[in-house]
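Novice: sequence first, predicted coordinates after that:
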Amino acid sequence: MNALLDNLNQKLAKVYLGGGQKNIDKHKAKGKMTARERIDYLIDNDTNFLEVGAFVADGMYAEEGGCPSGGVVTGIGYIHGRQAMIVANDATVKAGAWFPITAKKNLRAQEIAMENRLPIIYLVDSAGVYLPLQDEVFPDKEHFGRIFRNNAIMSGEGILQIAAIMGSCVAGGAYLPIMSDEAMIVDGTGSVFLAGSYLVKSAIGEDVDNETLGGATTHCEISGVTDYKMPNDAACLNAIRNVMSMTGDYDKAGFDRITPKAPAYNPEALLDFIPTDRGKPYDMLEIIKYIVDGSEVEEYKAGYGKTIITAYARIDGWAVGIVANQRMLVKNKKGEMQMGGVIYSDSADKAARFIMNCNQKKIPLIFLQDVTGFMVGSRSEHGGIIKDGAKMVNAMANCVVPKFTFILGNSYGAGNYAMCGKAYDPRLIYAWPTAQLAVMSGASAAKTLVQIQVANLKSKGKEITPEAEQELLKTITDRYNEQLSPYYAASRLWVDGVVNPLETRNIISMGIEAANHSPITKRYNTGVIQV
């Protein structure tokens, strides 16, 4: 575990450098703060910033020289004690240009803001769409244009948006700050226009410099496009803090919270308890006791469906319902041993009932995944595993209470779905460094793929030697194992990040606090469930 956490910290240190020290120096020579410095200045002292998507684009766009964090830093921070989603372009990465994954990350930030009715603050410093990849970022439904559609939707729903133009803001991107409720611009470094001076010269033959075309004086004194002209980054960020300080209170969902208690178990010892060997069983209930207040857990149907734990607890004072895969070999109601990490009919039935109860009582749900899938075979099929699995998926998918997912170990196949994977709208989803995500394990998948390829060769009259077959198996296994990595998932935003297990309590607490901004207006209804 220490080795995994060292690797996590090394990767984060690299991410925090953005476009590299040389580009950081050039950026600061213009009198500008970096994206992360702007966020640090903006948020309250001694508060946590919950980053979303730190590892976005990790290992991607190698031919383009990489795009650390997708060229934008996003996350939830506190400003005068109020939570807000912050989106800060990193101009040290390709001048803050929008790669395809940048658009996806911005949309994820807006999604979190809309789901939780959080104010959203844009710190704009971007050269616009990365033109060599424009076909992957411009025209589709979930591409660049969706950002402005969301601006309009949030405005209509009364979700506060504040934009600060702290660098370039060009072409279609110019609409983002102007569709916000309030727009600020930094004199001398900020500029906003539909077309820059070179394009204007090419299009209509006019000679004009960028400052005259779209600088702070132009837009604050002539066009009226922006609302406030600020002398520097610090003054601009202070102005945002001032706006937030006068913003009224929000309607609350009413999730229950009492005075928090620390876990009775030493949280640091959690790192020694988690097995890095994913074939080794462990007691998930003990993991939970390292996370919850007072290490106190009230199990629901403790003696039934034992391969899933369902329990009530509190985390940082918040009442929560926990659905977790049990990794130990356990006895079922017939006294038979059942394999840990597999969902059986009785455990799926129990989980569905528990999820419905939490919705009835307005209790947020926490899913802790270490799942290899649903049990297969004639006995399970005859026992109705598909029906019970569908019941669990139905109950989970129709939740009106917020859901939060953590992938601790395996997350394979339909088990990922039933335990609230990304496709099922968890408010936040994070992975521990021990996580793996795929349709099936690397060993199983590789053997299956090798069998298919060998059969194809034989069908064409070709033979393969045992040595060649082993080499093929190794090649496929290595490629598949790379795709199993939590960083592979984080780079593509299948999860919101890879985190130290000790951060889990804080993420859940901040997530429920954010969700409490959004009152539940929809009645819980699962539709048709076969019992």
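Specialist: Now that the structure is in, tell me what you want to look at. Everything numeric in this text was worked out from a predicted model, so none of it was measured. Numbers count the residues shown, from 1 in each chain.

Novice: now do the host helix or strand of Ala235: which elements does it pack against?
Specialist: Assigned by DSSP states H and E, Ala235 belongs to helix 233-245. Helices and strands touching helix 233-245, by 3 or more CB pairs under 8 Å, 6 or more residues apart in numbering; DSSP states H and E, are helix 35-42, strand 72-79, strand 161-170, strand 182-186, strand 228-230. C-betas here are computed from N, CA, C, even on glycine.

Novice: in the stretch 301-450 of the chain, where is pLDDT below threshold?
Specialist: 376, 382, 440-445 (pLDDT under 70).

Novice: how does it look with 50?
Specialist: Residues of the stretch 301-450 of the chain meeting the criterion pLDDT under 50: none.

Novice: where do the strands sit along it?
Specialist: Under the criterion DSSP state E, counting those that start in this stretch, the stretch 301-450 of the chain contains strands at 308-315, 318-325, 330-331, 337-338, 342-343, 365-371, 373-374, 403-412, 428-431, 436-438.

Novice: was I right about Lys331 contacting Gln338?
Specialist: Yes. Contact criterion CB atoms under 8 Å: Lys331 and Gln338 qualify, at 7.2 Å.

Novice: between those two, point out the one with more neighbours.
Specialist: Gln338 (19 against 11; other CB atoms under 10 Å).

Novice: beta partners for the more buried one?
Specialist: Gln338 has these beta-bridge partners by DSSP bridges: Val330.

Novice: so what's it up against?
Specialist: Lys306, Thr307, Leu329, Val330, Lys331, Asn332, Tyr344 (CB atoms under 8 Å, 6 or more residues apart in numbering).

Novice: if I look at the nearest residue to Asp256 once chain neighbours are set aside, how far off is Arg257?
Specialist: Excluding the flanking residues, the one nearest Asp256 by CB to CB, 6 or more residues apart in numbering is Ala319, at 4.2 Å. Using CB to CB, to the nearest Å, Ala319 is found at 7 Å from Arg257.

Novice: between those two, who's got more neighbours?
Specialist: Neighbour count, other CB under 10 Å: between Ala319 and Arg257, Ala319 has more, with 19 against 16.

Novice: so which of the contacts of Gln338 wins on neighbours?
Specialist: Each of these was scored for neighbours by other CB under 10 Å, and Thr307 scores highest at 26 neighbours.

Novice: excluding chain neighbours, what is closest to that residue?
Specialist: Once flanking residues are discounted, Thr307 sits nearest to Ser347: 4.5 Å by CB to CB, 6+ apart.

Novice: give me the number of residues near the one you found?
Specialist: Applying other CB under 10 Å, we find 30 residues neighbouring Ser347.

Novice: was I right about it contacting Lys301?
Specialist: No. When contacts are counted by CB under 8 Å, Ser347 is not listed as touching Lys301 (9.5 Å).

Novice: find residues that contact each of those two.
Specialist: Here Ser347 and Lys301 have no joint contacts, going by CB under 8 Å, 6+ apart.

Novice: about what we covered before: including distance to Ala390, could the strands of the stretch 301-450 of the chain go into JSON lines?
Specialist: Below are the strands of the stretch 301-450 of the chain laid out as JSON lines (distance: least, CB to CB, whole Å):
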{"stretch": "strand 308-315", "distance to Ala390": "15"}
{"stretch": "strand 318-325", "distance to Ala390": "16"}
{"stretch": "strand 330-331", "distance to Ala390": "23"}
{"stretch": "strand 337-338", "distance to Ala390": "20"}
{"stretch": "strand 342-343", "distance to Ala390": "12"}
{"stretch": "strand 365-371", "distance to Ala390": "16"}
{"stretch": "strand 373-374", "distance to Ala390": "10"}
{"stretch": "strand 403-412", "distance to Ala390": "18"}
{"stretch": "strand 428-431", "distance to Ala390": "22"}
{"stretch": "strand 436-438", "distance to Ala390": "22"}
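
Novice: Gly196: which of these is closest?
Specialist: strand 428-431 (37.8 Å; CB to CB).

Novice: count of neighbours near the residue nearest to Pro132 when sequence neighbours are not counted?
Specialist: Nearest residue to Pro132, sequence neighbours excluded (CB to CB, 6+ apart): Glu64, at 7.1 Å. A count of nearby residues for Glu64, using other CB under 10 Å, gives 14.

Novice: how near is Glu64 to Ala54?
Specialist: Remark: distance between Glu64 and Ala54 (CB to CB) = 19 Å.

Novice: ok, now Met60?
Specialist: As judged by CB to CB, Met60 and Ala54 stand 14 Å apart.

Novice: and those two? Which one has more around it.
Specialist: Comparing Met60 with Ala54 by other CB under 10 Å, the one with more neighbours is Ala54, at 21 against 17.

Novice: spit out the contact partners of the more buried one.
Specialist: Shown in contact with Ala54 (CB under 8 Å, 6+ apart): Leu12, Val15, Ser69, Ala490, Gly497.

Novice: quick check: it is in a helix.
Specialist: No. With DSSP: H, G, I helix; E, B strand; the rest coil as the criterion, Ala54 is coil rather than part of a helix.

Novice: any idea how far Leu502 is from the closest residue to Lys252 other than its chain neighbours?
Specialist: Distances taken as CB to CB, 6+ apart put Asn516 closest to Lys252, at 5.3 Å, once the chain neighbours are dropped. Distance, Asn516 to Leu502, by CB to CB: 24 Å.

Novice: those two - which one has more neighbours?
Specialist: Higher neighbour count among Asn516 and Leu502: Asn516, with 21 against 14, using other CB under 10 Å.

Novice: what residues are up against that one?
Specialist: Lys252, Ala253, Gly254, Phe255.

Novice: now restrict those residues to buried residues only.
Specialist: Taking 16 or more other CB atoms under 10 Å as the criterion, what is buried in these is Ala253, Phe255.

Novice: please produce TSV containing the contacts of Asn516, extended by pLDDT and distance to Asp272.
Specialist: Below are these laid out as TSV (pLDDT from 0 to 100; distance: CB to CB, whole Å):
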residue	pLDDT	distance to Asp272
Lys252	96	39
Ala253	96	37
Gly254	96	38
Phe255	98	32
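
Novice: want to try a markdown table for the contacts of Asn516, with distance to Tyr412 as columns?
Specialist: As requested, those are exported to a markdown table (distance: CB to CB, whole Å):
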| residue | distance to Tyr412 |
| --- | --- |
| Lys252 | 38 |
| Ala253 | 33 |
| Gly254 | 36 |
| Phe255 | 31 |
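
Novice: show me the contacts of Asn516 that map onto helices.
Specialist: Per DSSP state H, helices hold no members of the contacts of Asn516.

Novice: looking at the contacts of Asn516, spot the one nearest Ala269.
Specialist: The closest of these to Ala269 turns out to be Phe255 (CB to CB; 29.0 Å).

Novice: what are the phi and psi values at the closest one?
Specialist: The phi/psi pair for Phe255 (degrees, to the nearest 10) reads phi -70, psi 140.

Novice: ditto for Pro501
Specialist: Per-residue torsions, Pro501: phi -50, psi -30 (degrees, to the nearest 10).

Novice: so how far is Ile204 from it?
Specialist: In this view, Pro501 and Ile204 are 58 Å apart by CB to CB.

Novice: touching, Asn116 and Pro519? I think so.
Specialist: No. Asn116 is beyond contact range of Pro519, at 10.9 Å (criterion: CB under 8 Å).

Novice: between those two, which one's more packed in?
Specialist: Asn116 (24 against 11).

Novice: residues touching the more buried one, list them.
Specialist: Pro402, Arg427, Ala514, Ala515, His517, Ser518.

Novice: alpha carbons of the helix or strand hosting Ser202, as PDB, please.
Specialist: Using DSSP H and E, the element containing Ser202 is helix 197-204. Extracted in PDB, the C-alpha atoms of helix 197-204 (Å, rounded to 0.1, in the frame of the first residue of the first chain):
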ATOM      1  CA  SER A 197      -6.700  40.400 -34.700                       C
ATOM      2  CA  TYR A 198      -5.100  38.000 -37.200                       C
ATOM      3  CA  LEU A 199      -8.500  36.500 -38.100                       C
ATOM      4  CA  VAL A 200     -10.100  39.900 -38.300                       C
ATOM      5  CA  LYS A 201      -7.400  41.000 -40.700                       C
ATOM      6  CA  SER A 202      -7.900  37.900 -42.800                       C
ATOM      7  CA  ALA A 203     -11.700  38.000 -42.800                       C
ATOM      8  CA  ILE A 204     -12.500  41.700 -43.300                       C
END
